[in-house]
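S.K.: here is a sequence with its predicted model. Questions after.
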Amino acid sequence: MHIMEGFLPVEHAIGWSVASAPVVAYGIHSIRKRIAANPEQRMLLGVAAAFSFVLSAMKLPSVTGSCSHPTGTGLGALLFGPAAMAPIGAVVLLFQALLLAHGGLTTLGANIFSMAIVGPFAAWAVFRLVRRLGGSLAVGVFCAASLADLLTYVTTSVQLAWAFPDPAGGFMASFAKFAGIFAVTQIPLAISEGLLTVLIFNALARFNPQELKDMNLIDAKEARA
């Protein structure tokens, strides 16, 4: 993730920016609507943004032109819905590009699409699926955060493979190479992020049970636990 400045061809950089823009716009609308109806949730929104900023700033060198790191988007996706993380992730990535030299402005759209769109929607879908299948809260949060992280890097592998297909094997060979290299660092990072997100979520459930119950994230029994 955090594809570096100038690494993608111009047409790819523009294409990913165009693909990300509508989701970011809708996410801004969803946040405004949510906070207008529940102004007390501003603190939780700040926690979600800070969590994503701190975790995604902890990078390890990986594939040429990119890096590996946790994403932190799963927590916010569970609290405020996946669309809300698009503008939050956009701000996080913009500040990291300008202040920390992580990623870049020309590749901002591609990085938003992988980390702030695919990851959060994956987290939300996985959490709902696990809960409907009778999984515990901890299992649901762990699976959501871990898979959001992993699918972010699967998306980045697609983006890089599409931009730089292998001369012999084409897109699939290139994708296998990028994904394979990412997997070395990203699988343990995803597991670690899943465990950390469970700890943070449990703390929120302990100190703000009614708020999480109102968000339909925990039931009455879990709120009393």
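M.R.: Cool, the structure landed. Residues are numbered from 1 along each chain as shown.

S.K.: let me know the helix or strand that residue 159 is in.
M.R.: For residue 159, the element it lies in under DSSP states H and E is helix 137-163.

S.K.: by contact count, what packs against that helix?
M.R.: When contacts are defined as 3 or more C-beta pairs under 8 Å, 6 or more residues apart in numbering; DSSP states H and E, helix 137-163 packs onto helix 10-37, helix 73-80, helix 119-132, helix 170-207. Backbone N, C-alpha and C define where each C-beta goes, glycine included.

S.K.: please repeat the previous calculation with a cut-off of 6 Å.
M.R.: Under the contact criterion of 3 or more C-beta pairs under 6 Å, 6 or more residues apart in numbering; DSSP states H and E, helix 137-163 touches helix 73-80, helix 119-132, helix 170-207.

S.K.: tell me which other helices or strands the longest one touches.
M.R.: If contacts are counted by 3+ C-beta pairs under 6 Å, 6+ apart, helix 170-207 sits against helix 137-163.

S.K.: apply 10 Å and report the result again.
M.R.: For helix 170-207, the elements it packs on are helix 42-56, strand 60-61, strand 67-68, helix 73-80, helix 137-163, helix 209-214, judged by 3 or more C-beta pairs under 10 Å, 6 or more residues apart in numbering; DSSP states H and E.

S.K.: hmm, back to that, quick one, the helix holding residue 159 and helix 170-207 angle?
M.R.: Helix 137-163 and helix 170-207 meet at an angle of 150 degrees, taking axes from the mean of the first three to the mean of the last three C-alpha atoms, to 10 degrees as the criterion.

S.K.: would you verify that residue 5 is located in a helix?
M.R.: No: in this structure, residue 5 is coil, not part of a helix, as judged by DSSP: H, G, I helix; E, B strand; the rest coil.

S.K.: count of residues packed around residue 109?
M.R.: Around residue 109 there are 23 other residues, counting by other C-beta atoms under 10 Å.

S.K.: quick check, it in contact with residue 19.
M.R.: Yes: taking C-beta atoms under 10 Å as the definition, residue 109 is a contact partner of residue 19 at 7.1 Å.

S.K.: re earlier: and the helices and strands packed on helix 137-163, which is most packed in?
M.R.: Among the helices and strands packed on helix 137-163, ranked by average contacts under mean count of other C-beta atoms under 10 Å, first place goes to helix 73-80 (a mean of 29).

S.K.: got the confidence number for residue 61?
M.R.: Taken from the predicted model, the pLDDT recorded for residue 61 is 61.

S.K.: could you do residue 209 as well?
M.R.: Residue 209 carries a pLDDT score of 81 in this model.

S.K.: distance of it relative to residue 3?
M.R.: 40 Å (C-beta to C-beta, to the nearest Å).

S.K.: mind checking which of those two has more residues around it?
M.R.: Ranked by neighbour count (other C-beta under 10 Å), residue 209 and residue 3 place residue 3 first, with 26 against 16.
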